[in-house]
Structures are given as structure tokens and as C-alpha cells.
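Trainee: below is the structure, and that's it, no one-letter string:
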């Protein structure tokens, strides 16, 4: 399988052979991390840039009463903030949801990459802008959409994002997210998520077996969610 970081960044502009070689080198030797492991916790000093090469991780915030809000999913090719070294302490936790292959890129390596490879630097900054746009869309999801619309929207988004980096087929992908994770992502109770999933099944638009999600009617799911992939800034790749 091709390198997901290279695949992702090439979508924002052409990369030279040297660019690709450098990206493959800094993303090599990924470490296998088990599920439900904190890669870095809120309050920790930053320790380089975390890059996910396989699996799904998440950004999350915890309240004192134990409540949790998942604010982003990191899929293959995704990294934490490029400028994380500017922070004294992390303001959120990054945790694996499934077994992941993860690379930690030292901050000085990131600085040299941005300085010496302007095309890569532009692509990485575009990636950061997409992260911000995705967070805005998730805010709309929680604030304005119904329960079934929230879940349908997330399923549509993940299909597109995973297809781009080669981790989804035309209609299915691995979905190692538990029902509780999903509830903490879309701001619903566990019971409400269960009912919404059952409704999507009854409508004949999804099939969720084990850790595999299959979208049976992509166009109808998009219609339910009012999904438009423009915020992902993928151009024609989102329509493929």
C-alpha cells in the first residue's frame, strides 16, 4: 500500500520525487500502538508531531466528572498540529481508538522540512486548514443537525477521507469506533446513538457488522446528512 501521508499531501499539489522521498523517510519506522492508548495527554509538554500511518486515533477533552467530547478523528496520513512545539502544554489528549501505527516526528525535523521543501510546507498548511474546516463542520453537526443526520454525516466524511489515502473501498471501510465513542463524538447518549443506527439500518443505507461499515446507498446517506465534501478541499478526489 502506498504511503498515506504522501497520498494525502499530493492531493493539495504536485510533489517532486525528492519531496516524496523525504516524506517517506520521516514517516518510516512507525511504531505499533495498541487501542485505547493515550499518545499524549492534556497538560503534557509537546513531544514532536504525531503522525498516524494506520488505524484511527482521536483528539478528545475530558471534564472533571468523567464526561468526554471527541473533537476529531485522525486517520492514516493525519498528524497533530505542525506548530505544537510552540505550546508549553497540550490542551487536549490524543488517544488511539484502534491499534495504530504511529510515527513521532521531532520538532526540528518538521522545521527543516517546512524550510527546505516549500511545496510540502504548502501542502501541510493546507492540511491544517482542512483540519480547522472539519472542526467547524463538526460544530455544525453537534449544534444544528438531528441525531440521524449527525451520524450519517460522519459516516460520509470518513468514507471520503479514508478513500483518499487508500484505506476504504468504494462503499466500505474499517470502523473500530465503539457506540460509546460515537456518542462522545456526535454529542448524543449511547441509547440515542443505538436508535439512530437502527434507523439507518431500517432505511437500508448502512450495514455495520463487527468493525466494518458498509454503505449500501451512498447517495441516500448523503441526502440524509446533507453532506457536501467541499470543506475537505479535495477537489475532484471527493467526487471520485
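Mentor: Received, thanks. The model shown is predicted, which means the values in this text are computed figures rather than measured ones.
Trainee: residue 68 and residue 93: what is the separation?
Mentor: 9 Å (CB to CB, to the nearest Å). Placement of C-beta: from N, CA and C, glycine included.
Trainee: one more: residue 102?
Mentor: 14 Å.
Trainee: who has more neighbours, these two?
Mentor: A side-by-side neighbour count of residue 102 and residue 93, using other CB atoms under 10 Å, places residue 102 first with 21 against 18.
Trainee: so the more buried one, which of the three states?
Mentor: What DSSP: H, G, I helix; E, B strand; the rest coil gives for residue 102 is strand.
Trainee: so which elements touch the host helix or strand of residue 219?
Mentor: For residue 219, the enclosing helix or strand under DSSP states H and E is helix 218-225. With contacts taken as 3 or more CB pairs under 8 Å, 6 or more residues apart in numbering; DSSP states H and E, helix 218-225 sits against helix 147-164.
Trainee: name the helices or strands packed onto the helix it packs on?
Mentor: helix 118-144, strand 172-174, helix 179-186, helix 190-202, strand 212-215, helix 218-225.
Trainee: switch those over to a markdown table; also include mean neighbour count.
Mentor: Converted to a markdown table, the helices and strands packed on helix 147-164 look like this (neighbours: other CB atoms under 10 Å):
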| stretch | mean neighbour count |
| --- | --- |
| helix 118-144 | 15 |
| strand 172-174 | 18 |
| helix 179-186 | 19 |
| helix 190-202 | 15 |
| strand 212-215 | 17 |
| helix 218-225 | 17 |
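Trainee: dump these to TSV, plus distance to residue 24 and mean pLDDT.
Mentor: Output for those, formatted as TSV (distance: least, CB to CB, whole Å; pLDDT from 0 to 100):
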stretch	distance to residue 24	mean pLDDT
helix 118-144	12	96
strand 172-174	23	97
helix 179-186	31	97
helix 190-202	38	97
strand 212-215	29	98
helix 218-225	32	97
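Trainee: could you export these as CSV, including distance to residue 79?
Mentor: What follows is those, written out as CSV (distance: least, CB to CB, whole Å):
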stretch, distance to residue 79
helix 118-144, 8
strand 172-174, 20
helix 179-186, 20
helix 190-202, 28
strand 212-215, 24
helix 218-225, 26
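Trainee: out of those, which comes closest to residue 63?
Mentor: Closest to residue 63 of the helices and strands packed on helix 147-164 is helix 179-186 (CB to CB; 11.1 Å).
Trainee: quick one, the helix or strand of the chain with the lowest mean pLDDT and helix 118-144 angle?
Mentor: Lowest on mean pLDDT, DSSP states H and E among the helices and strands of the chain sits helix 107-116, with a mean of 93. Going by axes from the mean of the first three to the mean of the last three CA atoms, to 10 degrees, helix 107-116 is angled at 110 degrees with respect to helix 118-144.
Trainee: residues making contact with helix 107-116?
Mentor: 22, 26, 46, 48-49, 82, 84-85, 120-121, 124 (CB atoms under 8 Å, 6 or more residues apart in numbering).
Trainee: show me how to select, in PyMOL, the buried members of the residues you listed.
Mentor: The buried subset of the contacts of helix 107-116, as determined by 16 or more other CB atoms under 10 Å, is captured in PyMOL by this line:
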select buried, resi 22+26+46+48+49+82+84+85+120+124
